[in-house]
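Novice: Sharing a model prediction with you, sequence too.
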Amino acid sequence: MSIHNPREEYGKVLLELARENRDIIALDADLCKSTMTCMIEEELPEQYVEMGIAEQNMLSVAAGLALTGKIPFANSFAIFLTSRAFDQIRQAICLSKLNVKIIGSSAGLSDFGDGSTHQTVEDVSIMRSIPNMTVISPCDAFQLKAAIKAMVKYKGPVYMRYTRSDMTDLTTETDGFEIGKVYKMCEGSDITVFATGIMVEMALNTAKKLKSEGISVRVVNVPTVKPLDRNAIIELSKDTGRVLTTEEHSIIGGLGSAVAEALRNERICIEFHGICDEYGQSSNEMQPLLDHYGLNENSIETKIIELLKK
Amino acid sequence: MPFKRKDKLPEREMNLNRRKLHKMKDYKELALKAYQIRKNILIAIGAGHKGHFGGSLSIAEIMATLYFYKMKHDPHNPGMADRDRFVLSKGHSSPGLYATLAEAGYFPKSDLPTLKNLGSHLQGHPDVLKTPGVEANTGSLGQGLSIGCGMAIGLKHNGLSSRVYVIIGDGEHGEGQIWEAMLFAPARKIDNLVAIVDKNNIQAMGPTCERMNTGDLVSKWRAMGWHTIEIDGHDVRQIAEAFDEAETIKGMPTAIIANTMKGKGVSFTENTAAYHNNSMNQELYNKAMQELDDKIASLSLTVHSEKSF
């Protein structure tokens, strides 16, 4: 399977869209070579605003731009957008339903070296709680590109989180993307796994492995955590009767909580897989860090087997 | 944001308003407008209800000069693309904004007493989606100047010569984001932006110099790279001239440090933190109204309309 880097693909697709649509404006807070909006700065300087190291100002400036009909894309590491500038997002952007796109890179634990100050395992929870907000977490670089295209067409605030590292291609360049839809990645009858972001690939690998052991796992990719496709979640849960959610995020308030909310009136056995109310920490490599927090295929497998015993 | 007016004014009144709006350079008329705005502020808050009197009354002349002299706007077409924009960064002074918008004809004056009623379009703090003429949601202090920066960039990008006016409180300078925007606007050479500091020297809990001393704001704004003008914020001529001067400044934003008096216009609300957010009983309310009526009567008798007020 081939891989693509989501940051590079993001830069490419935003540039492509910005060439066609002069209203698209990229804003960046001194991280443009990391978020790859440097591609806009270089080719379309008129559509790039350097904000300096001032995320709060950036989100409010984005609000002002949206109030004049622009489609601002505010870029930084996910943590600095969703935590540092939470008030600006809540007060100006979401309260007025402004057409601001908030693109959080280095989400989850993916800024492994920088440690807990730069990692975010609460962003989905925080953003999901704000009325009018849409929350997107793509499973690969192709889906990220499709999501960016979809959010330009959608008028309203959107938060997207994505990982820093390369992602295996799980979708294709021609696959469509609709905000608010879930995508079945593989069919199974014993249990349904709802996964988002980098956990989709791990869930798929686990499903393949378990298939050879006679366990049939359905994997559903949930790239839009809000608004959640509630009817689809219920439909895809009912026949298996058992559900596991998996996310590179705290189990408080993220995908797991969203799915549990959707299934609150159903007789479904549900378990959560994610980070258990902890901060991240530094690691020289990503994999040992994921292993430390149990964000790996073994851990998903264990959860599934435990669930099937219930 | 596009709005649909529910109650259209009669055609004749509309035309009258339109004619007046951009032409009014009669300082006496502007001074009278400011006092009418003050009356509207009292009507909006009402007797026995808590409201932000102090910071609303202190900006009356600035608001009158913006909406009845300087700004290009149309109360009957609040979404007009090339309108100038106004952002009340100190959003708690919303009664001052609503009083002005009603006076200009954005909505009927009879809406004013519905302020903060459940279901009213007049929220405690300005709401873009609810009130015709409101341009930005503010209330969490420190954000309006940044929003204004974004608007100014967006308007230029749209090829418009529209200008953006933002009122900030002096106490509001306690918020760090104000200083982020103060650095940002000159760095990006945003010259269609005017920041007006309502320097009334009093914040919610007392004198600004005691709560969080903001010091010499003129030097500070100038040092940050703004074309900085200091004026008497109750003198409509000085206000109008400062706005005119700002329009001639290219390559940098303009800051107008307007020395004002908190609670200006009503004897017992002047220069005190007590009426930052407070209520008046019926007796005090009547007294305040009487004082404003008396002032309007004496202003009306003044002969020279070109003199400063």
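Specialist: The structure has been received and is ready for your questions.
Novice: Close to chain B: what parts of chain A are there?
Specialist: Contact residues (CB under 8 Å from any CB of the partner chain) of chain A with chain B: A:22, A:25, A:46, A:49, A:51-52, A:54, A:56-57, A:60-70, A:72, A:87-88, A:91-92, A:95-97. For every residue, glycine as well, the C-beta is placed using N, CA and C.
Novice: Select from those every entry located in strands.
Specialist: A:25, A:49, A:72 (DSSP state E).
Novice: now those residues as TSV including neighbour count and pLDDT?
Specialist: Shown next, in TSV, are those (neighbours: other CB atoms under 10 Å in any protein chain shown; pLDDT from 0 to 100):
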residue	neighbour count	pLDDT
A:25	26	98
A:49	25	98
A:72	30	98
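Novice: Filter the residues of chain A next to chain B down to the buried ones.
Specialist: A:25, A:49, A:51, A:54, A:56-57, A:60-68, A:70, A:72, A:88, A:91-92, A:95-97 (16 or more other CB atoms under 10 Å in any protein chain shown).
Novice: Straight-line length of stretch A:283-301, end to end?
Specialist: Start and end residues of stretch A:283-301 are separated by 24 Å (CA to CA, to the nearest Å).
Novice: thinking in terms of the whole chain, how far from its middle is that stretch?
Specialist: The chain centre lies 18 Å from the centre of stretch A:283-301; the measure is CA atoms, centre = their mean, to the nearest Å.
Novice: In that stretch, which residues are buried?
Specialist: In stretch A:283-301, counting by 16+ other CB under 10 Å, buried: A:283, A:286, A:289-290, A:293, A:295-297, A:299-301.
Novice: which other residues reach it?
Specialist: Stretch A:283-301 is contacted from outside by A:109-110, A:112-113, A:165, A:193, A:199, A:202-203, A:205-206, A:209-210, A:244, A:246, A:248, A:273-275, A:278, A:280-281, using CB atoms under 8 Å, 6 or more residues apart in numbering or on different chains.
Novice: Run through the residues that contact residue A:203.
Specialist: A:185, A:193, A:195, A:217, A:219, A:246, A:300.
Novice: Dump those residues to CSV, plus pLDDT.
Specialist: As requested, these are exported to CSV (pLDDT from 0 to 100):
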residue, pLDDT
A:185, 98
A:193, 98
A:195, 98
A:217, 98
A:219, 98
A:246, 98
A:300, 98
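Novice: dump the residue contacts of the closest residue in space to residue B:143 that isn't next to it in sequence.
Specialist: Sequence neighbours aside, residue A:60 is the residue nearest to residue B:143 in space, at 4.7 Å (criterion: CB to CB, 6 or more residues apart in numbering or on different chains). For residue A:60, the contact set (CB under 8 Å, 6+ apart) comprises A:88, A:92, B:143, B:146-147, B:149-150, B:177, B:181.
Novice: if you look at the residues you listed, which of them are in helices?
Specialist: A:88, B:146-147, B:149-150, B:177, B:181 (DSSP state H).
Novice: End to end on stretch B:160-175, go ahead and measure it.
Specialist: 31 Å.
Novice: Figure out how far it is from the centre of its chain.
Specialist: On CA atoms, centre = their mean, the centre of stretch B:160-175 falls 10 Å from the chain's centre.
Novice: The one residue in the stretch 151-300 of chain B that gets nearest to chain A sits in which helix or strand?
Specialist: The stretch 151-300 of chain B approaches chain A most closely through residue B:154 (3.0 Å), counting by CB to the nearest CB. Element membership of residue B:154 [criterion: DSSP states H and E] is helix B:144-157.
Novice: From the contact counts, what lies against whichever helix or strand comes after that helix?
Specialist: The first helix or strand that comes after helix B:144-157 along the chain, using DSSP H and E, is strand B:164-169. With contacts taken as 3 or more CB pairs under 8 Å, 6 or more residues apart in numbering or on different chains; DSSP states H and E, strand B:164-169 sits against strand B:85-88, helix B:144-157, strand B:193-199.
Novice: Export these as a markdown table, with columns for distance to residue A:229 and mean neighbour count.
Specialist: Below are the helices and strands packed on strand B:164-169 laid out as a markdown table (distance: least, CB to CB, whole Å; neighbours: other CB atoms under 10 Å in any protein chain shown):
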| stretch | distance to residue A:229 | mean neighbour count |
| --- | --- | --- |
| strand B:85-88 | 38 | 28 |
| helix B:144-157 | 33 | 29 |
| strand B:193-199 | 43 | 28 |
